[in-house]
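Visitor: coords below, sequence missing:
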């Protein structure tokens, strides 16, 4: 016997992730390879059998994502596909389709981006040319700015969610944790994100806003510029509890860093959200006078 409360909850999830029209994914798409799997989803490179177009297919593990989504029951939270379709720009992955499979799995179809994960690029520990560092920081900032301009907070800005294309364009993807930029979606207790990139207010379960993305971006930008983390790294997010201590001076790893860039990144890493740049546009303004190329 299905308990009424459980049945009601599963009904809520069905409504959340899509309507009654279901897609048989493996009749619609040819699986080319599994690119990567996360804790709550799997991502595949696929070919649309009808058109021959190569695409990205994300399949969400509904059971794993349910505890997160249940926090927003009754709040009218858009689905991941709906959110992704509203966030656009040259540094944002294009969301093309979304729904629920015949197996009951929520899915999102995006353009497939060939390239290298920013995380892999930085993990190789090969220093980038100074001009390349500045370019990547600007592109990452533009991507976060696009999320905020669309009215959302990403909540998982980190090098694992950026792809660097062969043509040099940096693209932000994965809106699985993204929520509308409204206080009700960012209440204390929603400790979500990637360890070492979570803002102190998130780790301490305090009310948050889009400035949590500014902090996470600051950690990412610091790593782009130095190949180091601004604080000792940890696996549980506890490293963020040390953020009351100032980050290691970025000049220690890049003595010749332009002062406006050093100041802007350091400001993003402030433990107090009120001391961070209030918007990514403000950050971009702080580094606007840096030359496009630098020796």
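Guide: Sure thing, it's come through. Computed from a predicted model, the values in this text were never measured in an experiment. Numbering: from 1, shown residues only.

Visitor: same for the longest helix anywhere in the chain, what does it pack against?
Guide: In the chain, taking DSSP state H as the definition, the longest helix is helix 130-149. Packed against helix 130-149, as judged by 3 or more Cβ pairs under 8 Å, 6 or more residues apart in numbering; DSSP states H and E, are the following elements: strand 162-164, strand 170-172, helix 211-226, helix 259-268, helix 280-286. C-beta: built from backbone N, CA, C; applies to glycine.

Visitor: what segments of the protein are helices?
Guide: Under the criterion DSSP H, the chain carries helices at the ranges 4-17, 25-28, 62-69, 80-86, 118-123, 130-149, 200-203, 211-226, 259-268, 280-286.

Visitor: got a list of what residue 122 touches?
Guide: Residues near residue 122 by Cβ atoms under 8 Å, 6 or more residues apart in numbering: 159, 223, 224, 227.

Visitor: the last one and residue 126: what is the separation?
Guide: Okay, so that is residue 227. 8 Å (Cβ to Cβ, to the nearest Å).

Visitor: compare the two (neighbour count), which wins?
Guide: For residue 227 versus residue 126, neighbours defined as other Cβ atoms under 10 Å are more numerous around residue 227 (18 against 8).

Visitor: quick check: pLDDT value at the more buried one.
Guide: If you check residue 227, the pLDDT there is 97.

Visitor: before we move on, the earlier item: so which of the helices of the chain is the most packed in?
Guide: Burial of the helices of the chain is given as mean neighbour count (mean count of other Cβ atoms under 10 Å); helix 211-226 ranks first at a mean of 25.

Visitor: closest to residue 56 out of the helices of the chain?
Guide: helix 80-86 (11.1 Å; Cβ to Cβ).

Visitor: helices or strands up against that closest one?
Guide: If contacts are counted by 3+ Cβ pairs under 8 Å, 6+ apart, helix 80-86 sits against strand 95-101, strand 106-111.

Visitor: strands paired with the last one, and their directions?
Guide: The sheet places strand 106-111 alongside strand 54-60 (antiparallel), strand 95-101 (antiparallel), with pairing taken from DSSP bridges.

Visitor: TSV for those, including mean pLDDT?
Guide: Listed next are the strands paired with strand 106-111 as TSV, based on pLDDT from 0 to 100:
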stretch	mean pLDDT
strand 54-60	96
strand 95-101	97
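
Visitor: want to throw those into JSON lines with distance to residue 265 and mean neighbour count?
Guide: Shown next, in JSON lines, are those (distance: least, Cβ to Cβ, whole Å; neighbours: other Cβ atoms under 10 Å):
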{"stretch": "strand 54-60", "distance to residue 265": "30", "mean neighbour count": "21"}
{"stretch": "strand 95-101", "distance to residue 265": "29", "mean neighbour count": "19"}
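
Visitor: nearest to residue 152, out of those?
Guide: strand 95-101 (12.4 Å).

Visitor: circling back to that earlier point, and of the helices of the chain, who's closest to residue 163?
Guide: helix 118-123 (7.1 Å).

Visitor: per-domain residue ranges of the chain.
Guide: Domain assignment for the chain by automatic domain parsing gives 12-111, 116-286.

Visitor: worst average pLDDT in those?
Guide: Minimum mean pLDDT among the domains of the chain: domain 12-111, a mean of 88.

Visitor: contact partners for the nearest residue to residue 103 once chain neighbours are set aside?
Guide: Spatially, and ignoring its direct neighbours in sequence, residue 103 is nearest to residue 25 (7.7 Å; Cβ to Cβ, 6 or more residues apart in numbering). Applying Cβ under 8 Å, 6+ apart to residue 25 gives the contacts 57, 59, 101, 102, 103, 105, 107.

Visitor: who does the first one bridge with?
Guide: As for beta bridges, residue 57 partners with residue 44, residue 109 under DSSP bridges.

Visitor: again, but for the third one
Guide: Beta bridges link residue 101 to residue 23, judged by DSSP bridges.

Visitor: so it touches residue 28, yeah?
Guide: No: using Cβ atoms under 8 Å as the test, residue 101 is too far from residue 28 to be in contact (9.1 Å).

Visitor: how near is residue 205 to residue 40?
Guide: Using Cβ to Cβ, residue 205 is found at 20 Å from residue 40.

Visitor: compare neighbour counts for these two and give me the winner.
Guide: More crowded of residue 205 and residue 40, by other Cβ under 10 Å: residue 40, with 17 against 12.

Visitor: wait, isn't that one in contact with residue 64?
Guide: Yes: with contacts counted by Cβ under 8 Å, residue 40 reaches residue 64, the gap being 4.5 Å.
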